[in-house]
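**Student:** Here is a sequence with its predicted model. Questions after.
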Amino acid sequence: MSDTEATVQVLRELVPEELQAPRVAIICGSGLSGLVASLRHSVLVSYDKLPGFVQSTVPGHKSSLAFGFMGSGAGVPVVAMLGRFHPYEGHKLSSVVYPVRVMANMGVKNIIITNAAGALNPNLSVGTIVVVHDHIALPNLTGMNPLLGPQTNPSLPRFLPLSDAYSRMLRKLVFRAARDLSIERDALAEGTYAWVSGPTYETPAEGRFLRAAGADVVGMSTVPEVVAAREENMNVLVLSLVTNAVVIPLGYESVRDEFEAEIAGTSTKAVVDEVVSHEEVLAIGKIKGDLMKSLVEKILDLLPTDV
């Protein structure tokens, strides 16, 4: 029995039979655990009861799997991660993606991954939900790829294509759901997500670099789970909630000029460097949580029964 099979066996002992075959997995980003507030017949399983699961240490993340039904009518059986794992917490990448492999072993075919992200694109305002269609993953390209090392299953592809990582079918459902819910057009956007390791927020130069590379939003999660989900042949949807603008000043305020002006006795405007805080991220997640929840519920209603 593999490690994931052993974990699934434990779940079968803890979760009622009608919830043991979820069709959709949801990974909740910072401040977005309220997504599953509307789960019906919900059952929570603490990570510490599950072999192979580690603990989430980040504020805004819990450490439980939630099982239940979501959507109208009888609903769709789902499993949700209330708190994900990040490499910057000290977790190995194999641990970060382990829950995705467990979900795949349970038969999940579709995964919706949410995150809080910073806007690199100046046209994206705080509160926008970005439907991700591509990613830039510097850690993946430089030796921090979750598929490095021995394969977890020899039946999976050794060389995984990612040009189709983000399901067109699921992305289209987002906009159909938004139309059905009469969500304003500018509340949603499409874009490219940049994964950085964190836990530091980007410097202005790093922000300019990622923007120039074509990224619209940036965050410290998601791509490892996307890679593992695609390796497991899941359909992937990523929704990034813009919680802050990355600090990218239009120009550099010279410290030399500031110093020389002070020496000359010339009055100058005080320069205050902008910063981003995690509290800001959580606050926007709380404000926009209901919108994200309604959108996900409607997507589940629209999900074809054969996928």
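**Tutor:** Received the coordinates, thanks.

**Student:** Ignoring the adjacent residues along the chain, who's closest to Asp175?
**Tutor:** That one is not Asp; residue 175 is Phe. Distance criterion Cβ to Cβ, 6 or more residues apart in numbering; nearest residue to Phe175, sequence neighbours excluded, is Leu188 at 6.9 Å. Yep, even glycine has a C-beta here, placed from its N, CA and C like the rest.

**Student:** Ser167 versus that neighbour, what's the distance?
**Tutor:** 16 Å (Cβ to Cβ, to the nearest Å).

**Student:** ditto for Pro204
**Tutor:** 34 Å.

**Student:** do Val246 as well
**Tutor:** 27 Å.

**Student:** Looking at those two, which one has more neighbours?
**Tutor:** The neighbour comparison of Val246 against Ser167 (other Cβ atoms under 10 Å) goes to Val246, with 26 against 19.

**Student:** can you pull the contacts of the more buried one?
**Tutor:** Counting by Cβ atoms under 8 Å, 6 or more residues apart in numbering, Val246 makes contact with 118-120, 201-202, 207, 210-211, 218, 276.

**Student:** at 10 Å instead, please
**Tutor:** Applying Cβ atoms under 10 Å, 6 or more residues apart in numbering to Val246 gives the contacts 117-122, 194, 201-204, 206-208, 210-211, 215, 217-218, 274, 276.

**Student:** Narrow those residues to those that are buried.
**Tutor:** The neighbour count (16 or more other Cβ atoms under 10 Å) marks 117-121, 194, 201-202, 206-207, 210-211, 215, 217-218 as buried among the contacts of Val246.

**Student:** Inside helices: which ones of those residues?
**Tutor:** Among the buried ones among the contacts of Val246, the members falling in helices (DSSP state H) are 206-207, 210-211.

**Student:** and those as JSON lines, adding distance to Ala6?
**Tutor:** Formatted as JSON lines, these follow (distance: Cβ to Cβ, whole Å):
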{"residue": "Glu206", "distance to Ala6": "41"}
{"residue": "Gly207", "distance to Ala6": "43"}
{"residue": "Leu210", "distance to Ala6": "40"}
{"residue": "Arg211", "distance to Ala6": "44"}
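
**Student:** Now do the buried residues in the longest helix seen in the chain.
**Tutor:** Using DSSP H to define each element, the chain has its longest helix at helix 278-302. Buried residues in helix 278-302, counted by 16+ other Cβ under 10 Å: 278, 281-282, 284-285, 288-289, 291-301.

**Student:** Equivalent analysis for stretch 55-72, please.
**Tutor:** Buried residues in stretch 55-72, defined by neighbour count with 16+ other Cβ under 10 Å: 56, 58, 60-71.

**Student:** nearest to Leu82, of the residues you listed?
**Tutor:** Sorting those by distance to Leu82 puts Lys62 at the head of the list, at 3.9 Å, by Cβ to Cβ.

**Student:** a strand runs through the closest one, doesn't it?
**Tutor:** No - read with DSSP: H, G, I helix; E, B strand; the rest coil, Lys62 is coil and lies in no strand.

**Student:** Look up the closest residue to it, ignoring the ones flanking it.
**Tutor:** In space, Lys62 is closest to Leu82, 3.9 Å off (Cβ to Cβ, 6+ apart).

**Student:** Phi first, then psi, for the one you found.
**Tutor:** phi -90, psi 70 (degrees, to the nearest 10).

**Student:** Okay, it and Arg40: tell me how far apart.
**Tutor:** 16 Å.
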